[in-house]
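Colleague: A predicted structure for the sequence below; I have some questions about it.
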Amino acid sequence: MEILTILAINFAVCCSGMLLLWLACVVLKDVTVIDAWWALGMVLLAVSTYVQTGGAPERKMLLLGLCAAWGLRLGGYLVWRWRNHGMDRRYKAILGHAQKQRGWGFAKASLLLVFATQAPLQFIVSLPVQLGQIDAQPAALGVVAWIGAGMAVTGILFETIGDFQLVHFRSKPENSGRVLNTGLWRYTRHPNYFGDALTWWGIYLIAAETGTGLWAIIGPIFLTWTLMKWSGAPMLEARLRKTRPDYVAYIEQTSGFVPWPPRKPAA
């Protein structure tokens, strides 16, 4: 019952955060900031769990610290990107279609098609940092947890470097319409997505040393599937195939997710 109570409170926190953000977005007529809240809201859920539970202190601090480092960095970056580049074209298409084809207003379309779907997904993906803080035993961090911490730190750095390289590349006018294929982008087409997944698999390993945290595996599985097969890489690459002439060749030579040396061009 304690676990269910904690999760119920956290789900209420998750939905409340999304509802408040939706109200702000209705005023702005722009929902792009939800991408930043995807990360920042997970930090809020980690904090909510931290204050509710009496789990092992070291594990709780490690989970909260890694989640905060990941979420605050990514959330801050996405807020900056939104303020500099405006509304995301994905949301323009989704909401524009609903308004035109279904006759929905902005408020209804954004609530049902964006916020109502993002809230449960945010809750599911963040399960490792919730369930991993509940158990008091084992009190000490084991080998698996430290491996997970190393993975999470590596993932955060990988994603941060990938984002920095992309921003630097796009800042140069001569790169307009070109494909970034240097740095981390030489070894994977999506270093930011790979870093995201690696971070949350690492956080899961820290949680998995506890009996309750072990059940949180649905979180990183769902996140990885989303990034690789659903709303991450597939949607982005479908657009880039149309707007970047060299992107097809880039796909043929570069790993789609896990970093790997590039393949030689076909003869």
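Modeller: Done, it's in.
Colleague: Got phi/psi on Ala208?
Modeller: phi -70, psi -10 (degrees, to the nearest 10).
Colleague: residues near Gln122, how many?
Modeller: Residues within reach of Gln122, counting by other C-beta atoms under 10 Å, total 22. For glycine as for every other residue, the C-beta is placed from the backbone atoms N, C-alpha and C.
Colleague: Now do the residue nearest to Ile94 when sequence neighbours are not counted: how many residues are near it, please.
Modeller: Distance criterion C-beta to C-beta, 6 or more residues apart in numbering; nearest residue to Ile94, sequence neighbours excluded, is Leu113 at 5.7 Å. Residue neighbour count, defined by other C-beta under 10 Å, stands at 18 for Leu113.
Colleague: I figured Leu113 was touching Ala98, is that so?
Modeller: Yes - contact criterion C-beta atoms under 8 Å: Leu113 and Ala98 qualify, at 5.9 Å.
Colleague: Tell me which helix or strand in the chain has the weakest average pLDDT.
Modeller: Of all helical and strand segments in the chain, the minimum by mean pLDDT, DSSP states H and E falls on helix 233-243, at a mean of 86.
Colleague: right, and the helix or strand after it?
Modeller: Counting by DSSP states H and E, the next helix or strand C-terminal to helix 233-243 is helix 247-253.
Colleague: which residues are contacting that following helix?
Modeller: With C-beta atoms under 8 Å, 6 or more residues apart in numbering as the test, helix 247-253 has contacts from 179, 181, 189, 237, 240-241, 244, 262-266.
Colleague: Also stretch 46-60?
Modeller: With contacts defined as C-beta under 8 Å, 6+ apart, stretch 46-60 is touched by 6, 9-10, 13, 63-64, 67-68, 71, 126, 129-130, 132-141, 145, 206-207, 209-210.
Colleague: and what of stretch 6-13?
Modeller: Against stretch 6-13 from outside (C-beta under 8 Å, 6+ apart): 44-45, 48-49, 52-53, 123, 130, 134.
Colleague: for that stretch, which positions count as buried?
Modeller: 6-7, 10-11, 13 (16 or more other C-beta atoms under 10 Å).
Colleague: Stretch 152-163 now?
Modeller: By neighbour count on 16+ other C-beta under 10 Å, the buried set for stretch 152-163 is 152-153, 155-156, 158-160, 162-163.
Colleague: Tell me the one of the residues you listed nearest Met87?
Modeller: Asp163 (19.5 Å; C-beta to C-beta).
Colleague: Let me see the contact set for Ala152.
Modeller: So Ala152 contacts 66, 70, 198-200, 202-203, 206 (C-beta under 8 Å, 6+ apart).
Colleague: could I get the residues you listed as TSV with distance to Gly219 and secondary structure?
Modeller: Shown next, in TSV, are those (distance: C-beta to C-beta, whole Å; DSSP: H, G, I helix; E, B strand; the rest coil):
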residue	distance to Gly219	secondary structure
Leu66	14	helix
Trp70	13	helix
Leu198	14	helix
Thr199	11	helix
Trp200	6	helix
Gly202	12	helix
Ile203	8	helix
Ile206	12	helix
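Colleague: can you put the residues you listed in CSV and add pLDDT and neighbour count?
Modeller: As requested, the contacts of Ala152 are arranged in CSV below (pLDDT from 0 to 100; neighbours: other C-beta atoms under 10 Å):
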residue, pLDDT, neighbour count
Leu66, 98, 24
Trp70, 98, 27
Leu198, 98, 23
Thr199, 98, 28
Trp200, 98, 31
Gly202, 98, 24
Ile203, 98, 31
Ile206, 98, 27
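Colleague: coming back round to it: any chance of the contacts of helix 247-253 in a markdown table, plus neighbour count?
Modeller: Formatted as a markdown table, these follow (neighbours: other C-beta atoms under 10 Å):
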| residue | neighbour count |
| --- | --- |
| Val179 | 19 |
| Asn181 | 17 |
| Arg189 | 23 |
| Glu237 | 18 |
| Leu240 | 16 |
| Arg241 | 13 |
| Arg244 | 16 |
| Pro262 | 14 |
| Arg263 | 10 |
| Lys264 | 8 |
| Pro265 | 8 |
| Ala266 | 7 |
